[in-house]
Each structure stands twice: as C-alpha cells, then as structure tokens.
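Q: 3D model of this:
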Amino acid sequence: MDTPTTVVFPEILPDVRIDVLEEATEHEVVCDELQWWFVVPRAGETSAARWYDRASGQIAMIRETPHPVMPLDDGPGRVRIRIDESTFPADERGPVQRSVEFTACLSSAAAAFRSVEMDGHVAGPDDDGFDEAWGRSRGRILRDGRRLVRTGPREYSSLSHEGVRADLVAVSIGGITRRALRVLDLEPGEGPDEIGQPVIDLDTGRTLVYWQYRPEGWDADAESWLSAHPDEGMVIDGVRYQRRNCAGRDTMAVTDHAMRLFGL
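A: The predicted model follows:
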C-alpha cells in the first residue's frame with residue numbers, strides 16, 4: 001500500500017522522453033488501478049496527478065484524493081474513493097472544480113467500479129449505460145492483444161476488434177530511465193472512439209504518464225489541428241486521431257508515482 005506522502009509537482013511540465021524498445025511486446029504488467037484514475041481501490045491508498053498543456057507547459061488540471069481511500073462495511077474489499085479535480089481552461093478563466101466519488105473493489109481479476117457519483121448524479125451496475133461507461137475494465141494483467149499491426153509511421157491496421165496494443169518503452173525523466181508498458185487502450189468494436197494511452201511502470205504496475213487521442217470526426221477544427229501538428233496524431237484503419245482531450249487540448253498527465261520513482 002502506498003503511504004500518503006506529499007508530492008510537490010513542478011509548475012512546468014518536466015522533460016519526458018519515451019523511446020520504443022519493443023513493439024507489440026510479449027511483456028505484461030499487473031496494474032491494480034481503477035483505469036485510468038490512477039488510484040488502487042484499497043483502504044489507505046492515495047493518488048495525485050497533474051495534467052500539463054504540452055504547448056505551454058502549464059498545469060491544465062489537478063486531480064487528487066483529498067484523503068486516503070476508506071473501507072466500507074457492505075462487502076469484502078469494497079471501498080469509497082473521493083477525487084477532487086480543478087481544471088484550468090485555456091482562456092485563463094478561473095478554475096472549474098468538481099468532486100467525484102466512487103465505490104469500488106479490487107478482485108483477483110480486476111479493479112472495478114461499483115458506483116459513481118458525479119455532477120449530482122449517482123449511477124451503478126443496474127443503470128443503463130453503466131457497464132459501457134464504467135464497467136469495461138481491461139483486467140489487472142495488461143498485455144498486447146495482437147489487435148493492431150503497424151503499417152507505417154504512426155499508422156496501424158486492425159487484426160481484430162478486441163484487446164489493447166502494448167509496446168515496451170523506456171521512459172526517461174530527470175536523468176533516470178525506467179522500463180514501462182505503453183498501452184493504447186482501445187474500446188471493443190470497429191467504430192472510432194476516444195483512446196487513452198497510459199504508460200505503466202513494469203516494476204510497480206503504476207501509471208507514470210497518460211494522454212488521450214480523439215478521432216478527427218469528433219471536432220470541427222480537427223483538420224487544422226492535425227495540419228498544425230503533423231507528428232502528434234496517428235491513423236488507425238484509415239481514421240486519423242488527434243492527440244488531445246475532450247477540451248481540445250494536447251495534455252500529458254504526470255502522476256505522483258512518477259514523481260517518486262524519478263526523484264522529482
């Protein structure tokens with residue numbers, strides 16, 4: 001269990017270098033986090049992360065547990081988790097704040113959400129859409145699913161429509177290098193969808209950094225963004241993806257685990 005040691009994040013995005021060591025690797029990692037909230041559903045755990053805007057290097061969002069994960073009495077291993085978020089819009093308006101509360105559990109198969117309270121609404125497994133939005137854990141063991149084959153620079157074709165893509169990478173921050181699994185967390189099915197890309201430390205199973213991709217059809221300005229950032233997208237089955245989040249920003253999350261492991 002992690003001890004709730006305070007981590008001081010830098011104000012500016014540190015230099016993060018990621019080099020591919022082995023594509024579609026045979027390596028795997030055991031990750032007990034709620035994907036991708038960076039917290040393990042186990043009593044006493046804590047978590048914190050900062051999202052940085054890549055262009056400016058400035059903090060775009062803060063996410064952290066205000067207190068350690070709390071045990072519940074209504075089932076073995078069930079816990080309650082509160083996460084506070086502060087988002088700093090690109091137009092420099094004041095921060096937008098919200099709190100999210102989960103009940104969750106960790107089994108031998110996966111970390112799983114049992115209920116989610118967000119924006120005044122509570123949802124659980126009996127509610128329509130809950131499994132699709134919150135119930136599709138990839139499981140504790142993450143490995144390449146032979147889903148994608150690379151056909152060119154930043155270009156892939158599907159071999160199937162299940163599983164994830166995983167590459168073995170070297171992550172270097174502050175003069176320290178660690179091996180990690182870089183995962184393209186693709187949704188099941190053929191249709192284009194938002195894709196998360198966690199980079200998970202091989203030794204600890206904890207996420208170090210994280211970012212997202214969005215299909216070009218989701219944003220009216222996708223064409224101009226991709227033209228301005230030709231090296232920051234990718235193509236899957238002919239669909240172009242932008243490396244940016246739902247707010248239209250190209251960000252990278254750095255976790256407290258990365259801060260500790262890289263001695264920042």
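
Q: Which residue is the nearest non-sequential neighbour of residue 260?
A: Spatially, and ignoring its direct neighbours in sequence, residue 260 is nearest to residue 7 (6.7 Å; Cβ to Cβ, 6 or more residues apart in numbering). Where C-beta positions appear, they are placed from N, C-alpha and C, glycine not excepted.

Q: Wait, the one you found touches residue 262, no?
A: No - using Cβ atoms under 8 Å, residue 7 is not in contact with residue 262, being 11.2 Å away.

Q: In terms of pLDDT, where does residue 243 sit?
A: pLDDT recorded at residue 243 is 96.

Q: What lies in contact with stretch 121-140?
A: 30-32, 35, 108-117, 164, 185, 187-188 (Cβ atoms under 8 Å, 6 or more residues apart in numbering).

Q: buried ones in that stretch?
A: Of all the residues in stretch 121-140, those buried under the rule 16 or more other Cβ atoms under 10 Å are 123, 130, 134, 138, 140.

Q: now that stretch: how far from the chain's centre is it?
A: Computed by Cα atoms, centre = their mean, to the nearest Å, the chain-centroid distance of stretch 121-140 equals 17 Å.

Q: for the closest residue to residue 90 other than its chain neighbours, what are its contacts?
A: Among residues not flanking residue 90 along the chain, residue 249 sits closest, at 6.1 Å (Cβ to Cβ, 6+ apart). Applying Cβ under 8 Å, 6+ apart to residue 249 gives the contacts 53, 60, 90.

Q: try residue 13
A: By Cβ under 8 Å, 6+ apart, the neighbours of residue 13 are 52-54, 57-58, 252, 254.

Q: Of these, which is the nearest to residue 17?
A: Taking Cβ to Cβ as the measure, residue 17 lies nearest residue 252 of those, at 12.1 Å.

Q: Starting from the host helix or strand of that closest one, tell me which strands it pairs with and how they run.
A: Element membership for residue 252, per DSSP states H and E: strand 251-255. Strand pairing for strand 251-255, using DSSP bridges, gives strand 48-53 (antiparallel), strand 207-215 (antiparallel).

Q: Low-confidence ranges, the protein, go.
A: 1-5 (pLDDT under 70).

Q: again, only using 50
A: Within the chain, the stretches with pLDDT under 50 are 1-4.

Q: List the residues that contact the spatially most central residue of it.
A: Centroid check for the chain by Cα atoms, centre = their mean gives residue 36 as the closest residue, at 4.1 Å. The neighbourhood of residue 36, defined by Cβ under 8 Å, 6+ apart, consists of 185, 196, 198, 207, 210.

Q: What of residue 112?
A: Listed by Cβ under 8 Å, 6+ apart, the contact partners of residue 112 are 41, 104-106, 135, 137.

Q: Only whichever of the contacts of residue 13 are buried, select them in PyMOL.
A: Burial among the contacts of residue 13 is assessed by 16+ other Cβ under 10 Å; the matching PyMOL selection reads:
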select buried, resi 52+53+54+252+254
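
Q: re earlier: could you pull out the residues contacting both of residue 7 and residue 262?
A: With Cβ under 8 Å, 6+ apart, residue 7 and residue 262 have no common neighbours.

Q: Between the two ends of stretch 238-250, how far is it?
A: Start-to-end span of stretch 238-250 (Cα to Cα, to the nearest Å) is 22 Å.

Q: I meant to write stretch 197-215 there.
A: End-to-end for stretch 197-215, by Cα to Cα: 14 Å.

Q: now stretch 231-242
A: Across stretch 231-242, the terminal residues are separated by 10 Å (Cα to Cα).

Q: Check stretch 136-152 too.
A: 30 Å.

Q: now stretch 103-122
A: Taking Cα to Cα, stretch 103-122 runs 11 Å from one end to the other.

Q: Can you flag which of the contacts of residue 112 belong to strands?
A: 104-106 (DSSP state E).

Q: TSV please, covering those and showing distance to residue 215 and neighbour count.
A: Formatted as TSV, the ones in strands among the contacts of residue 112 follow (distance: Cβ to Cβ, whole Å; neighbours: other Cβ atoms under 10 Å):
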residue	distance to residue 215	neighbour count
104	29	24
105	33	17
106	32	19
